[in-house]
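Undergrad: only geometry, no sequence info:
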């Protein structure tokens, strides 16, 4: 394991080294908000069954009291024998002492090489999470330092290169704020050559098939992989809460999505995992 100089990215390599197979025509992708990793055994059990080439996880804990001070990304990667990149979204002030801070963020995993990883910290942020002098530093108040971001990584699968944006948009704000954060991802993605396979996936915290968000995605030439299904991606929590459609996988470039699935039988998080086969065209 290593940590970058700016202390925001942690890297671990647990994939076994061996001969590289021939070119691949498709890869399997899984996207999932794992709710801190509170149900770690169930999370690992599901992910190990997917045989995924690329896993994008949100709400991943590092050294937090609620998840027994584990590095959740490292634990999952070791069990699955994968490489991982963990990006720090927030420092959780109520979850760890000053000497060994607790963090919360996104993790990208793959049995294939991950490179050129970086954090795209959104310019527009909610002020909801910032510490206030009158709030006690206890878990219910979730005081944090940091901000929403996208974890960007290059992935090379059997000679095929693609760019993955693993993002978590603001939950404590309006759709206008979330759209502005999504637009920053698209502006960043425009720096890559035309035709470069790009995947943008994560917890968007709003329905990306509606209104301005749908227009924004279309104008940026991205495709919503689950646009035809419109199935809720969070469980029903009460008679009045029937779940939400807030987790999405978007693609652009010389790829096509197939075998789409929302795994609504998986109960290891307060979000359902999404998976698909991404075929190179």
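TA: Great, that's in hand. Quick caveat: nothing in here was measured; it's all calculated off a predicted structure.
Undergrad: contacts and neighbour counts: CA atoms only from here.
TA: OK.
Undergrad: biggest helix in the protein by residues?
TA: Longest helix of the chain, by residue count under DSSP state H: helix 175-189.
Undergrad: contacting residues around that helix?
TA: 120, 122-125, 150, 165, 169-170, 198, 204-206, 212-213, 216, 220 (C-alpha atoms under 8 Å, 6 or more residues apart in numbering).
Undergrad: So for it, mean pLDDT?
TA: Averaged across helix 175-189, the pLDDT comes to 96.
Undergrad: can you offset everything so residue one is 807?
TA: I'll keep to 807 as the first residue from here, and by that count the last item is helix 981-995.
Undergrad: what comes up buried for it?
TA: Within helix 981-995, the residues scored as buried using 16 or more other C-alpha atoms under 10 Å are 981, 983, 984, 985, 986, 987, 988, 989, 990, 991, 992, 995.
Undergrad: Could you report the distance from the third one to residue 1063?
TA: It stands for residue 984. For residue 984, the distance to residue 1063 equals 24 Å [C-alpha to C-alpha, to the nearest Å].
Undergrad: same thing with the fourth one?
TA: For residue 985, the distance to residue 1063 (C-alpha to C-alpha) stands at 23 Å.
Undergrad: likewise residue 909?
TA: According to C-alpha to C-alpha, residue 909 and residue 1063 sit 33 Å apart.
Undergrad: Same question for residue 1037.
TA: Distance from residue 1037 to residue 1063, by C-alpha to C-alpha: 17 Å.
Undergrad: Between those two, tell me which one has more neighbours.
TA: Higher neighbour count among residue 1037 and residue 1063: residue 1063, with 22 against 16, using other C-alpha atoms under 10 Å.
Undergrad: Help me confirm that the more buried one comes into contact with residue 1081.
TA: No: at 9.9 Å, residue 1063 does not count as touching residue 1081 under the criterion of C-alpha atoms under 8 Å.
Undergrad: Endpoint to endpoint, stretch 990-1000 covers what distance?
TA: 18 Å.
Undergrad: Sorry, wrong one. I was asking about stretch 856-863.
TA: End-to-end for stretch 856-863, by C-alpha to C-alpha: 14 Å.
Undergrad: Name the residues that touch that stretch?
TA: 833-840, 912-918, 963, 972, 1007-1008.
Undergrad: Could you do stretch 895-912 as well?
TA: Stretch 895-912 has contacts (C-alpha under 8 Å, 6+ apart) with 842, 862-872, 875, 892-894, 943-945, 948-955, 957, 972-974.
Undergrad: Please identify the buried residues of that stretch?
TA: 895-902, 907-912.
Undergrad: for stretch 859-874, same thing?
TA: Here stretch 859-874 shows 859-873 as buried, counting by 16+ other C-alpha under 10 Å.
Undergrad: Need the buried ones from the contacts of helix 981-995 selected in ChimeraX.
TA: Buried members of the contacts of helix 981-995, defined by 16+ other C-alpha under 10 Å, are picked up in ChimeraX with:
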select :926,928,931,956,971,975,976,1004,1010,1011,1012,1019,1022
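Undergrad: So which of the contacts of helix 981-995 sit within helices?
TA: Per DSSP H, the subset of the contacts of helix 981-995 in helices is 1018, 1019, 1022.
Undergrad: Excluding chain neighbours, give the residue nearest to the last one in space.
TA: When you say that, I think you mean residue 1022. residue 989 (7.3 Å; C-alpha to C-alpha, 6 or more residues apart in numbering).
Undergrad: Relative to residue 929, how far out is that neighbour?
TA: In terms of C-alpha to C-alpha, residue 989 sits 11 Å off from residue 929.
Undergrad: Report the secondary structure state of residue 900.
TA: Here residue 900 is coil, with the state taken from DSSP: H, G, I helix; E, B strand; the rest coil.
Undergrad: For it, give its distance to residue 985.
TA: With C-alpha to C-alpha as the criterion, residue 900 and residue 985 are 29 Å apart.
Undergrad: Report the residue spans of the stretch 907-1056 of the chain with pLDDT below the cut-off.
TA: Along the stretch 907-1056 of the chain, the parts satisfying pLDDT under 70 run over 934-935, 937-947, 1044-1047.
Undergrad: if we go to 90?
TA: Confidence mapping of the stretch 907-1056 of the chain against pLDDT under 90 gives the ranges 930, 932-952, 963-966, 977-980, 1000-1001, 1016-1017, 1031-1037, 1042-1049.
Undergrad: all strands of it, in order?
TA: 909-916, 920-927, 950-952, 955-963, 966-974, 1004-1009, 1029-1030, 1053-1058 (DSSP state E, counting those that start in this stretch).
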